[in-house]
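In: Show me how the following folds:
(chains A and B)
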Amino acid sequence: MAQPLVKKDDDHDDELEYSPFMGIEKGAVLQEARVFNDAQVDPRRCSQVITKLLYLLNQGESFTKVEATEVFFSVTKLFQSKDTGLRRMVYLIIKELSPSSDEVIIVTSSLMKDMNSKIDMYRANAIRVLCRIIDGTLLTQIERYLKQAIVDKNPVVSSAALVSGLHLLKTNPEIVKRWSNEVQEGIQSRSALVQFHALALLHQIRQNDRLAVSKLVGSLTRGSVRSPLAQCLLIRYTSQVIRDMANHGQSGERPFYEFLESCLRHKAEMVILEAARAITELDGVTSRELTPAITVLQLFLSSPRPVLRFAAVRTLNKVAMTHPMAVTNCNIDMESLISDQNRSIATLAITTLLKTGNESSVERLMKQITNFMSDIADEFKIVVVEAIRSLCVKFPLKYRSLMTFLSNILREEGGFEYKRAIVDSIVTIIRDIPDAKESGLLHLCEFIEDCEFTYLSTQILHFLGIEGPNTSDPSKYIRYIYNRVHLENATVRAAAVSTLAKFGFMVESLKPRITVLLKRCIYDSDDEVRDRATLFLSVLGGDGTVDNDRETKDFLFGSLEVPLVNLETSLKNYEPSEEAFDVNSVSKEVKSQPLAEKKAQGKKPTGLGAPPAAPASGFDGYERLLSSIPEFAAFGKLFKSSAPVELTEAETEYAVNVVKHIFDSHVVFQYNCTNTIPEQLLERVNVIVDASEAEDFNEVTSKALNSLPYDTPAQAFVVFEKPAGVPAVGKFSNTLTFVVKEVDPSTGEAEDDGVEDEYQLEDLEVVAGDYMVKVGVSNFRNAWEGMDEEDERVDEYGLGQRDSLGEAVNAVIDLLGMQTCEGTETIPSNARSHTCLLSGVYIGNVKVLVRAQFGMDSSKDIAMKLTVRAEDVSVAEAIHEIVASG
Amino acid sequence: MELPPKVKNMLLLDSEGKRVAVKYYSDDWPTNSSKEAFEKAVFTKTQKTSARAEVEVTALENNIIVYKFAQDLHFFVTGGEEENELILDSVLQGLFDAVTLLLRGNVDKREALDNLDLIFLCFDEIIDNGIVLETDATVIAGKVGIDSTDPNAPLSEQTISQALATAREHLTRSLLK
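Out: I've put the predicted structure just below:
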């Protein structure tokens, strides 16, 4: 052995950092891997090399395609060795290398041989490896063996086949579905895990057939499922069935509740927890149903095992949000958890107590928490602060002690996020509880006296400017604010100047004194501070007429009407010129965030929290592009640009997509063309549009492309006129015409002579949705109620059979092209009914709100009730027409 | 819809938070650097706790993590926010006890690295692509147990049941210590 991996006899204490992999290097290991090719395989040596390869992969090293292929091929040679240990390592490395489909063929026969081997371990592992790496066609070849394996008398083999089935179901459902009978047999198995895996697979196979799932659950809840894991699974399926039944309006005694309740007496704690959780999560659970679940969770609270305590307190915490009274019995146990070693448990206990506590226990609780706060990490403190905020809103009379608590912790050490949570909480309390305002503002004032976070200082100063002038004695805040002008950095100084100005404007008696203070600021060293001071001095020095006052007020207190992100991109796109930047040109369209981003953000910002950042929009880019073309300048303001619509199949010679730009009385089609042939140069590229199926449209002009070299996208435009303000629709057929010139690939020069040619593109439609801009509303309910009920139009539609509710909802959203509000675009995967809230602005600047209620029956037929409110009745009717004709 | 319990990853780190062996079964951490960042976060968060006698538990980034330490080895099992902690706990127990058996009671980093092949096989026998395959430590160790008792003994001379018997004996001995 050249490099023994296992150096048992070395003196361990010599090296502190001893590792058999010290100084390991990819290149050297790949060299070593050549031993796999030796005529006489040395199993020990080969196993060691594989371990090293696995170690490298595990440490995050990656192999190039060539390296991986080379290793894979030499590894396949090791199938000739009969050594079981080595074979295990071979299986492992094949899975890690995840070979491509053409490589897989090399090992298929070896693995198939192992699948039928007498050695159980070979059979089980070969199945798992093979199922991981094969594709559909190969799968049909081995299907017979897999079915056999499911009913193999060795549980390990049958588990391996069942679990592989679970994975394969995602890629080859039609094949796996044929195994139902074998899987059914697995459920009867005496092996606990086979039962578990069989149940999981059988349910997954039948999951779209509600009746079958309900039958399965029905028969199993009566029978005896042995394995705790399988029992947990059964509980999950049962709650799903209960949910489905509830959605179908089956009333009376809740079915299967008894089964869940009986699981609370199961001998495995895992099952008890699963059942208790299932009960607490039942829709509209009654307190009678809750009681037994709460009782077992209460027992868990005093368990010596942290996992049990955590699980229990976490569940009770959730219950406390909806049924605080049901949890009060556990309060004593929970209080003892405040001092739990595990801080996650302690924090959950506190926040639960804060939710369940009654008015009289608040003070006692606060005392306990104060001791606890000093020794937990910031992230836990934030959770506590948030719980206190909601407690304060619940018990407004207790604001005094809660406010004192918040102001105390505000003075202690802490990071930015923590401090922000406290400030946010104080702000919320000030807003919700008028009595708390004065003391709260003073606490904030004291805080900024010694605040290291510029962001928080400026936010608080801004808030002071809005709330401070309306208090009984505004003058007492001036000192705090003016101190900032002396002691802080420029950003805070500027904010302080603005706040002073607000006081000066709102409180007549303070005006002369503020003017004096502001005058001092015009000698500040910072431009921004000086500018603001000068500006506000002139505003305050105004003549005091009503008109002037209103303007000043708008200026000082008004909010921006456009989303900040859009303003930012518009400002970035603005190029210095004679023409001043016009804030009215900024789009008001709110871009919806990608889902992933939303998930990452988790919570909605509250209090002072800034609005979430949205991705930059393409709208401004289009707007700039179009306004740069003189022919289009006269069309007025761009109303909407559609997403690009592909007019060619992927990987054709010429790739073309089109963007529809809607103006008040014009429509501009922007054809983005790409030439994908290196040997060609296209010239005089134009799109000929046949608008015979679009009666309301008349072609006005077109703008051809002079030259389209290989792989350099460029745009051609065609412009149509349409009746002003009318949402005209129609279908257009397009033909791309051009002159082709051969290009010499070696020199890149084009020949002089070209050939005229044309290329048929797909049809393009202008639909009603193109006239709708997505504009969100912050509070749908308010907006809805703010619209005249008289102008409401309601109708019902049948949408036919669909695979899922989500599909139908998305189809309607796409058809209308409106913004979904309040997260109603997300639909639980198994929902049977859903309400979607939409808002938008229709051409002519008419605000439209839509409430779409969807329902799905057992045969997957979907019905929709559409209620539309718009500022203009004709638009509400138009929306219905869109849906009716879509 | 994913109803069967899912394990998102299993981590075996050393006392400085470095990887000994890790396995991810979820797309939540697509790159090596995101994995390392997660490991660092988990390690820092749990570092100061004592998870030697009992399995401990914590929540991080919408995940539930159960963990247990032995000498300079830190074992972690991660599942989703909605996961049943006790299922994760049984996976962790299975992993921990199986490793204890395979390392003949000497659960430390050095021994683990010396027998890294066994650790990898052990991971492989517990979870298959996120699905729980087996949680019984003796069964896991039995399936892995290629040469768990005497590294010098030829493989063929040892049956699995023999290996198991010795391993069990080692475990009880180490527990009595």
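
In: C-alpha only now, for contacts and for neighbours.
Out: Noted.

In: For the residue of chain B found nearest chain A, give me its contacts.
Out: Of all residues in chain B, B:Leu86 sits closest to chain A, with a separation of 5.1 Å (CA to the nearest CA). When the contact criterion is CA atoms under 8 Å, 6 or more residues apart in numbering or on different chains, the partners of B:Leu86 are A:269-270, A:273, A:307-308, A:311.

In: now do A:Ser227
Out: Shown here is A:Ser227, whose contacts under the criterion CA under 8 Å, 6+ apart are A:192-193, A:195-196.

In: Give the single residue among those positioned nearest to B:Glu111.
Out: Using CA to CA, A:Leu193 is the member of these that lies nearest B:Glu111, at 30.5 Å.

In: coming back round to it: identify, from the contacts of A:Ser227, the entry nearest to chain B.
Out: Nearest to chain B out of the contacts of A:Ser227 is A:Leu193 (CA to the nearest CA; 7.1 Å).

In: Does the closest one touch A:Ser159 like I think?
Out: Yes - because the distance of 6.9 Å satisfies CA atoms under 8 Å, A:Leu193 is recorded as touching A:Ser159.

In: Spit out the contact partners of the residue positioned nearest the centre of chain B.
Out: Centroid check for chain B by CA atoms, centre = their mean gives B:Leu95 as the closest residue, at 3.6 Å. Contacts for B:Leu95 were tallied using CA under 8 Å, 6+ apart; they are B:122-123, B:126, B:135, B:137.

In: what does A:Ala884 give?
Out: Contacts of A:Ala884 by CA under 8 Å, 6+ apart are A:Tyr797.

In: how close does it sit to A:Ser642?
Out: Spatial separation of A:Ala884 from A:Ser642 under the definition CA to CA, to the nearest Å is 22 Å.

In: what does A:Ile429 give?
Out: Look at A:Ile429 and A:Ser642: by CA to CA, they are 44 Å apart.

In: Neighbour count for these two, which is higher?
Out: Remark: of A:Ile429 and A:Ser642, A:Ile429 carries more neighbours, 24 against 19, as counted by other CA atoms under 10 Å in any protein chain shown.

In: coming back round to it: please enumerate the shared neighbours of A:Leu193 and A:Ser159.
Out: The contact sets of A:Leu193 and A:Ser159 overlap at B:Leu133 (CA under 8 Å, 6+ apart).

In: May I have stretch B:55-74 exported as PDB, CA atoms only?
Out: Taking only C-alpha atoms (Å, rounded to 0.1, in the frame of the first residue of the first chain), the coordinates of stretch B:55-74 have been written out as PDB:
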ATOM      1  CA  VAL B  55     -30.500  16.300  21.700                       C
ATOM      2  CA  GLU B  56     -31.000  20.100  21.400                       C
ATOM      3  CA  VAL B  57     -33.100  21.900  19.000                       C
ATOM      4  CA  THR B  58     -33.300  25.400  17.400                       C
ATOM      5  CA  ALA B  59     -34.900  27.300  14.600                       C
ATOM      6  CA  LEU B  60     -33.000  29.100  11.900                       C
ATOM      7  CA  GLU B  61     -34.100  30.700   8.600                       C
ATOM      8  CA  ASN B  62     -37.400  28.900   8.500                       C
ATOM      9  CA  ASN B  63     -35.800  25.600   9.300                       C
ATOM     10  CA  ILE B  64     -35.800  23.400  12.400                       C
ATOM     11  CA  ILE B  65     -32.500  22.000  13.300                       C
ATOM     12  CA  VAL B  66     -31.900  19.200  15.900                       C
ATOM     13  CA  TYR B  67     -28.300  18.700  17.000                       C
ATOM     14  CA  LYS B  68     -26.100  16.700  19.400                       C
ATOM     15  CA  PHE B  69     -22.400  17.000  20.200                       C
ATOM     16  CA  ALA B  70     -19.900  14.400  21.200                       C
ATOM     17  CA  GLN B  71     -16.300  15.400  21.900                       C
ATOM     18  CA  ASP B  72     -15.200  17.500  18.900                       C
ATOM     19  CA  LEU B  73     -18.000  16.400  16.600                       C
ATOM     20  CA  HIS B  74     -21.200  18.300  16.000                       C
END
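
In: Okay, buried residues for it please.
Out: Buried residues in stretch B:55-74, counting neighbours by 16 or more other CA atoms under 10 Å in any protein chain shown, are found at B:55-59, B:64-70, B:73-74.

In: Strands - which of these land there?
Out: Judged by DSSP state E, these include B:56-59, B:64-70, B:73-74 as members of strands.

In: With distance to chain A and pLDDT added, can I get those residues in a markdown table?
Out: Written out in a markdown table, the entries for those read as follows (distance: CA to the nearest CA, whole Å; pLDDT from 0 to 100):
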| residue | distance to chain A | pLDDT |
| --- | --- | --- |
| B:Glu56 | 6 | 92 |
| B:Val57 | 6 | 93 |
| B:Thr58 | 6 | 91 |
| B:Ala59 | 7 | 88 |
| B:Ile64 | 10 | 93 |
| B:Ile65 | 10 | 94 |
| B:Val66 | 8 | 95 |
| B:Tyr67 | 10 | 95 |
| B:Lys68 | 11 | 94 |
| B:Phe69 | 14 | 93 |
| B:Ala70 | 17 | 91 |
| B:Leu73 | 14 | 93 |
| B:His74 | 16 | 94 |
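
In: what residues are up against A:Phe635?
Out: Shown here is A:Phe635, whose contacts under the criterion CA under 8 Å, 6+ apart are A:663-666.

In: A:Ala68 now?
Out: Each residue near A:Ala68 by CA under 8 Å, 6+ apart is listed here: A:97, A:99.

In: got the phi/psi numbers for the closest residue to A:Leu518 other than its chain neighbours?
Out: Nearest non-adjacent residue to A:Leu518, counting by CA to CA, 6 or more residues apart in numbering or on different chains: A:Ala533, 5.7 Å away. A:Ala533 has phi and psi values of phi -60, psi -50 when expressed as degrees, to the nearest 10.

In: And A:Ala533, how far from chain B?
Out: A:Ala533 sits 45 Å away from chain B, going by CA to the nearest CA, to the nearest Å.

In: That residue against A:Ala496, yeah?
Out: No - because the distance of 10.0 Å does not satisfy CA under 8 Å, A:Ala533 is recorded as not touching A:Ala496.

In: Tell me which of the two has more neighbours.
Out: Using other CA under 10 Å, the more surrounded residue of A:Ala533 and A:Ala496 is A:Ala496, with 29 against 26.

In: quick one: that one from chain B, how far?
Out: When CA to the nearest CA is applied, the distance between A:Ala496 and chain B equals 37 Å.

In: quick one: low-confidence parts of chain B?
Out: Using pLDDT under 70 as the threshold, the predicted model of chain B has low-confidence ranges B:1-2, B:146-177.

In: on that earlier part again, quick one: which of the contacts of B:Leu95 sit in helices?
Out: When the contacts of B:Leu95 are checked against helices (DSSP state H), the matches are B:122-123, B:126, B:137.

In: And whatever helix or strand A:Leu838 lives in, what does it pack against?
Out: A:Leu838 is located in strand A:833-842, with elements delineated by DSSP states H and E. In terms of contacts (3 or more CA pairs under 8 Å, 6 or more residues apart in numbering or on different chains; DSSP states H and E), strand A:833-842 is packed against strand A:772-774, helix A:805-816, strand A:819-820, strand A:846-856.

In: Check which element follows the first one along the chain.
Out: Counting by DSSP H and E, the next helix or strand C-terminal to strand A:772-774 is helix A:780-786.

In: which residues touch residue 119?
Out: No chain in the question, so chain A it is. With contacts taken as CA under 8 Å, 6+ apart, A:Ile119 has no neighbouring residues.

In: I was thinking of chain B, sorry if that wasn't clear
Out: With contact taken as CA under 8 Å, 6+ apart, B:Ile119 is in contact with B:21, B:99, B:112.

In: most surrounded residue in the residues you listed?
Out: Counting by other CA under 10 Å, B:Val99 has the largest number of neighbours within the contacts of B:Ile119, with 25 neighbours.

In: Tell me how far it lies from B:Leu73.
Out: Using CA to CA, one gets 11 Å for the distance from B:Val99 to B:Leu73.
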